[in-house]
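Participant: Predicted model, plus sequence, below.
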Amino acid sequence: MASAVPGCDWRQIPVTTRFGTGSPTSTHEISGLERIQVAATHDELTGLDNRRHMITLLGEHITRRSRGGPGFAVALADIDFFKNVNDTHGHRVGDEALMTFAHLARAQLRSTDIVARWGGEEFLLLLPETNPPGDPHTAIERLRGALAAASASAHVPELRIAFSTGLTRYIDGEPIDDMIERADRALYAAKDAGRNRTVAA
Ligand SMILES: Nc1nc2c(ncn2[C@@H]2O[C@H](COP(=O)(O)OP(=O)(O)OP(=O)(O)O)[C@@H](O)[C@H]2O)c(=O)[nH]1
């Protein structure tokens, strides 16, 4: 897993610590430079990798693949009817729902998977081939089940969120944009088909 600072895996550092708002008992002290690097590569609300950093990570996976490394799939996940969450419960609850998605995605996906906030209420999952192989569909459905079972907001305990997903595999030699466009088209097919589902392309 890539890290801006050798020997330091940001994903192992609690989000609160990464952004300097952790309690004095936080186990990992980070320097000013590290703080700047984290801010440049991560989404402030969710603590996930940001879009720019995910593009770097995708590039690294493509390079590794071109040298005989494993292939990978990507899934573009978009929370369903998210505007309703904001309109009904307010932006703060909407923010909590985004954090819940981020937390459960990291908890439910494999340690080799990477989750980034792609924008707004959209997330990109990078799902490398593993040995033994894991089925990306299974991982995504596990996340879907966890979200269906969990409250999305401490302030609105009954709030549940669902999401639609466009899933595709990286095709050797293609530009990143082609892969993302394919995932995006699949995502919109999932929305058109009724939401709360995955369409593979
Ligand atoms: N609370 C909060 N809301 C956000 C954030 N970023 C984007 N949004 C909101 O996400 C909503 C996205 O709405 P739409 O694009 O209409 O999508 P949707 O309501 O989820 O509908 P479908 O995607 O078609 O199911 C908008 O209301 C945005 O304001 C954020 O960081 N926090």
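Facilitator: Good, I have the coordinates.

Participant: Pop out the phi and psi values for the residue nearest to Leu48 when sequence neighbours are not counted.
Facilitator: Residue nearest to Leu48 in three dimensions, not counting chain neighbours: Arg117, with 4.7 Å by C-beta to C-beta, 6 or more residues apart in numbering. Glycine gets a C-beta too; all of them are placed from N, C-alpha and C. When read as degrees, to the nearest 10, the backbone of Arg117 gives phi -80, psi 120.

Participant: show me the contacts for Arg117.
Facilitator: Taking C-beta atoms under 8 Å, 6 or more residues apart in numbering, we find Arg117 in contact with 43, 45-46, 48-51, 98, 102, 123.

Participant: Filter those down to the buried ones.
Facilitator: The neighbour-count test (16 or more other C-beta atoms under 10 Å) applied to the contacts of Arg117 identifies 43, 46, 48-50, 98, 102, 123 as buried.

Participant: Tell me the one among these nearest to the ligand.
Facilitator: The nearest member of the buried ones among the contacts of Arg117 to the ligand, counting by C-beta to the nearest ligand atom, is Leu98 at 5.7 Å.

Participant: hmm, who's touching the host helix or strand of that closest one?
Facilitator: Per DSSP states H and E, Leu98 falls inside helix 91-108. Contact partners of helix 91-108, identified using C-beta under 8 Å, 6+ apart, comprise 11, 45-48, 77, 79, 82, 85-86, 115, 117, 121, 123, 125, 139, 142-143, 146-147, 150-156, 159, 161, 163.

Participant: Tell me how far that helix lies from the chain's centre.
Facilitator: Distance of helix 91-108 from the chain centroid (C-alpha atoms, centre = their mean, to the nearest Å) equals 10 Å.

Participant: and it, anywhere near the ligand?
Facilitator: Yes - Helix 91-108 reaches the ligand (C-beta under 6 Å from any ligand atom) through 91, 94-95, 98.

Participant: Output those residues as JSON lines; include the columns pLDDT.
Facilitator: As requested, those are exported to JSON lines (pLDDT from 0 to 100):
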{"residue": "His91", "pLDDT": "98"}
{"residue": "Gly94", "pLDDT": "98"}
{"residue": "Asp95", "pLDDT": "98"}
{"residue": "Leu98", "pLDDT": "98"}
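
Participant: Lovely, talk soon.
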